[in-house]
Each structure stands twice: as C-alpha cells, then as structure tokens.
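# structure for this input, please:
(4 chains)
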2 protein chains.
Amino acid sequence: MSFSEIRERIEATADDLYNARGIQAVGMDELRAAAGVSLKKLYQEYPSKSAIVMAVLERRHRSWTEGLDGLVRQAENPRARLLAIFDYLTRWFGEDSFRGCGFINTFAELGAVSPEVADYARQHKASFQDYVAQLVADAGAPSYLGPQLSILAEGAQTTAAIAGSTEAADQARAAAEVLIDAALGTETPGAA
Amino acid sequence: MSFSEIRERIEATADDLYNARGIQAVGMDELRAAAGVSLKKLYQEYPSKSAIVMAVLERRHRSWTEGLDGLVRQAENPRARLLAIFDYLTRWFGEDSFRGCGFINTFAELGAVSPEVADYARQHKASFQDYVAQLVADAGAPSYLGPQLSILAEGAQTTAAIAGSTEAADQARAAAEVLIDAALGTETPGAA
DNA sequence: TTGTAATGAGAACGATCGTTCTATACGCTG
DNA sequence: CAGCGTATAGAACGATCGTTCTCATTACAA
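Have a look, this model is predicted:
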C-alpha cells in the first residue's frame, strides 16, 4: 500500500466515523482498527488527532466543492445553475450517511475550543457564499440574492439533519425559485 | 438558598458554560465551581451530567419560545408578526454570548450518541415549525410558506454563528418579505 | 452541653483517551 | 541461512472525566 493510499484510507475512514458519531466520540484506537493500520503508522502520517481532523475537513471541502460544481455545470442556463444547488442538496440528504453539514457539526463540537477548526469552517462557508455570489452575478441578478440563497441552503441542511427528512431541500428550492424570479425582475407586477 | 434557587443557578451556569465552550469541554468540577455549589449537591439535584444537559435544553426551549412569542405579540399585523421572527434573530445575534442555536450545536455534538438529545432537538425544531405554521395560517397565506420561513431562520442562525456577524438576520428578513408577499398573492402579475 | 443528621471540600476510583514505548515478527540484502 | 532495519500488536503512561466516598465541620434538638 503506497504512501498516499494509506492517507486516503485513513482520511476516508475518519470522515465516515466522525460524520456518523462525532469527532470526540471516535478514539484513535477505533480509527486505527477501522482503517486497518497500526497506531504507529497513524502517528507516522499525522502528528496528532487534530491534524487528522483538519485533513478530514479539507477532504470534505474538496468533496462538497467538486460535487456541487459538477452538478451546477450540467445545468443549461444561469437560473437552472442557481437551482442546481438545491438539487445537489436533495441528492445529498437522501444518502444514508447524511447527518448534516460536516462543517456545522464540527464547528459546533470543536469551534469554541479549536480556533483552527473555527477558521476552517468559516473559510468553507465563505467559499460557498462566494461561489453562489458568482452564479448570481452570472445570472445578472442583484448581488443581494447571493446571501439569500446561501442562507436557504444552510437552513435546509440543518433542518434536514435534525428532522431526518429530505423535504427541506425541495422546500428550500421552491423558495429559491421565488427569490430568484423576484430578484430578476419578474416580480414587479406592472413593470411596463 | 432554596431548592429551586439552586437548580436555577446550576442550570443557568451550565447553560452559559455549555453554550460558550461546548458540553463535552465543560466538566462537572468546573460547573460545580462556577455555580458555587458542592459536588454532592450537584448529584443530589441531578442523577447525572446528561440529566443536567436535558434540563438545560428544556431551559433553552422555554427561553427561545417565550422570547420569540414576546416579540411576535408586539407586532401589529400578521405580516409584521412573521417578520418579527427575524427581528428576534437580529437581537439575538447581537448578544456577545451568541454562538449559534444551542439545539443545533448540542445535536451536532451529542445527537449521534444520545437519542435523548436528538429527540429533544427534533421536538424543539418541530415546535418552532408549528409556531411559524400557525403565524402563516393566521396571515391567510398558503401553508407552504411556513417551512420556507423556518428554513430561512435556521439558515440565518448557522450562518451568523459561523461567520460571527449579524447580517444574516437582515438578509433572511429581506428574503422573508419577498416570500411572504409572493405567497400572499402579490406576486401574480396579471391576477385579474 | 452532647449527640445526631446533614453539609462541604476534596480525595479516590474506574474508565477512557491521546500518545509513546517495547518487544516480537517479518522481509529484505548479502 | 544470517543479520539488520522496519512494521506490527499491544502494553504502558499520563491526563481528564464522571461519579462516589471519606471525613471533618456545622447546625440544630433535647
């Protein structure tokens, strides 16, 4: 097993375990067993548990960014690209492993005691907001639409996580359509 | 100090500490010291730490419900009552102690390992959604508006918590206005 | 004043966790 | 086959935590 294969295996396993049960609830020994490596190798690849946590956060960021962008690119017009955000959520919420946004969860668990984690979560959310802002600009909509859609997406994530249902994605998508059309000017009744 | 004064003191202290640093990061001894009671008294009032956690959740639920309803009742018409939800968020986000929704945070930290906590968080969110649904019904708006506004409120909470700014409340409020007006029928251009 | 029940401070216990160390087994080179 | 470096399993260590126990002190009743 090569260098990066080991890291891939460790980080994928840690991602799954941390997502399913929380970071503090998963000890290094359980991670070692699940990843099928020795403790020595774990500490040879990462100096500490928090280094693994940060690596998992980077992995989640890549996965989210690539997954979202992949779906957005399939949409055929700017309006559809904005709505694709919510189609992505629908798909995500339907996965068995879905337990809410990993950044919100990790921030809630460790943000208060780990500045590293808090900063990374902030950066991830800022990056998502920037991405949405770009899609909004591409659609020729006013910039205030960006935060509105970002907030809808965030709310759908926590609502779906706690309620344990996927419907929040569709409800958020319906709201997004109204907001998009309003921002694009379709809403002015007597616009002559 | 009377029976209930002691419980009030313990729960208020626990609420503050758990909110500021997370539940697992605050030990029983620190809570004991901050509340100014003996360890014996702590365990005399509550059988375990998780009992204190549940008591804190109940306290938070009461505080949220009463605070929100108090502001909503001051609004003079159904539309203003719906928007009062977001005024409440603005006020809340501005507090120094604000660190996100305590139910989302606790759910993220313990929901996966504590069914009690997960259930209570679910109930709290369901109760909020019911409350919003009632306000929507009172406003004569279609029922789909309820989840839309609830999702906006949830999203504002996590966005404000992670970004550390209050602007999400105003952005969500602006979005809510659009959604409310659209749902109330103002949106149909040629409605004759 | 004396005996008793309750209280408080803090030691103690057992479990768990992150991290390091040790001793054994393995694989490669000559 | 011999010898050496390396990886592995798992013991060990020190810290922390939830919970319980000890024991000295206090408040009060008779």
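# hey, let's count contacts and neighbours off CA atoms from now on
Fine.
# now residue A:55. Nearest residue, chain neighbours left out?
residue A:11 (7.0 Å; CA to CA, 6 or more residues apart in numbering or on different chains).
# near the one you found, how many other residues are there?
23 (other CA atoms under 10 Å in any protein chain shown).
# show me what the helix or strand hosting it is packed against.
Counting by DSSP states H and E, the element that carries residue A:11 is helix A:3-21. Judged by 3 or more CA pairs under 8 Å, 6 or more residues apart in numbering or on different chains; DSSP states H and E, the packing partners of helix A:3-21 are helix A:28-35, helix A:49-74.
# quick one, domains of chain A?
Following automatic domain parsing, one finds the domains of chain A at A:1-46, A:58-183.
# how close does residue A:122 sit to residue B:34?
Using CA to CA, to the nearest Å, we find residue A:122 at a distance of 30 Å from residue B:34.
# ok, the two, which is more surrounded?
residue A:122 (21 against 14).
# what sits against the more buried one?
B:162, B:163 (CA atoms under 8 Å, 6 or more residues apart in numbering or on different chains).
# so it, which of the three states?
helix (DSSP: H, G, I helix; E, B strand; the rest coil).
# circling back to that earlier point, wait, what's in contact with the residue nearest to residue A:55?
By CA under 8 Å, 6+ apart, the neighbours of residue A:11 are A:52, A:55, A:56, A:59.
# so which of those is the most crowded?
Using other CA under 10 Å as the neighbour test, the contacts of residue A:11 are led by residue A:56, with 23 neighbours.
# tell me the contacts of it?
Neighbours of residue A:56 in contact, by CA under 8 Å, 6+ apart: A:11, A:12, A:14, A:15.
# OK, contacts around the second one?
Applying CA under 8 Å, 6+ apart to residue A:12 gives the contacts residue A:56.
# need the per-residue pLDDT for it.
Looking at residue A:12, its pLDDT is 97.
# repeat that for the last one.
Listed pLDDT for residue A:15 reads 98.
# what about it, neighbour count?
Residue A:15, neighbours per other CA under 10 Å, totals 22.
# in chain A, which residue sits nearest chain B?
Taking CA to the nearest CA as the measure, chain A has residue A:155 as its residue closest to chain B, at 3.4 Å.
# that residue: neighbouring residues, count only.
If you count neighbours by other CA under 10 Å, residue A:155 ends up with 27.
# once you drop chain neighbours, what's closest to it?
Nearest residue to residue A:155 in three dimensions, chain neighbours excluded: residue B:155, at 3.4 Å (CA to CA, 6+ apart).
# I'd assumed residue A:147 was in contact with that neighbour.
No - contact criterion CA atoms under 8 Å: residue B:155 and residue A:147 do not qualify, at 10.2 Å.
# can you put the helices and strands packed on helix A:3-21 in CSV and add distance to DNA strand D and mean pLDDT?
Shown next, in CSV, are the helices and strands packed on helix A:3-21 (distance: least, CA to the nearest atom of the strand, whole Å; pLDDT from 0 to 100):
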stretch, distance to DNA strand D, mean pLDDT
helix A:28-35, 8, 96
helix A:49-74, 13, 98
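# for residue B:47, which of these is the nearest?
Evaluated with CA to CA, those place helix A:28-35 nearest to residue B:47, the distance being 29.5 Å.
# can you tell me what sits against the closest one?
Applying CA under 8 Å, 6+ apart, the set of residues contacting helix A:28-35 is A:9, A:10, A:13, A:14, A:17, A:38, A:39, A:42, A:49.
# ok, of the residues you listed, which one's closest to residue B:181?
residue A:17 (44.2 Å).
# rewinding a little: lowest average pLDDT across the domains of chain A?
Of all the domains of chain A, domain A:1-46 carries the lowest average pLDDT, namely a mean of 93.
# can you tell me the helix or strand for the residue nearest to residue A:155?
helix B:145-163.
# centre of the chain to that helix, how far?
Here helix B:145-163 is found 11 Å from its chain centre; the criterion is CA atoms, centre = their mean, to the nearest Å.
# that one: what's the following helix or strand?
helix B:167-181.
# so does that next one get close to chain A?
Yes - contact of helix B:167-181 with chain A (CA under 8 Å from any CA of the partner chain) involves B:168, B:171, B:172, B:175, B:178, B:179.
# tell me the one of those residues nearest residue A:160?
Residue A:160 lies nearest to residue B:172 out of these, by CA to CA, at 18.5 Å.
# what about the closest one, neighbour count?
Neighbour count for residue B:172, taken as other CA under 10 Å: 29.
# present the contacts of helix A:28-35 as a markdown table; the columns should include neighbour count.
As requested, the contacts of helix A:28-35 are arranged in a markdown table below (neighbours: other CA atoms under 10 Å in any protein chain shown):
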| residue | neighbour count |
| --- | --- |
| A:9 | 16 |
| A:10 | 22 |
| A:13 | 19 |
| A:14 | 24 |
| A:17 | 18 |
| A:38 | 13 |
| A:39 | 13 |
| A:42 | 21 |
| A:49 | 14 |
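# any chance of CSV for the residues you listed, columns distance to residue B:139?
Below are the contacts of helix A:28-35 laid out as CSV (distance: CA to CA, whole Å):
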residue, distance to residue B:139
A:9, 54
A:10, 53
A:13, 49
A:14, 48
A:17, 45
A:38, 62
A:39, 61
A:42, 58
A:49, 52
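# closest to DNA strand C out of those residues?
Nearest to DNA strand C among the contacts of helix A:28-35, counting by CA to the nearest atom of the strand, is residue A:49 at 3.8 Å.
# how about that closest one: what's its closest non-neighbour residue?
residue A:28 (7.3 Å).
# tally of neighbours for the one you found?
By other CA under 10 Å, 17 other residues sit near residue A:28.
# again, but for residue A:163
For residue A:163, the count of nearby residues is 18 (other CA under 10 Å).
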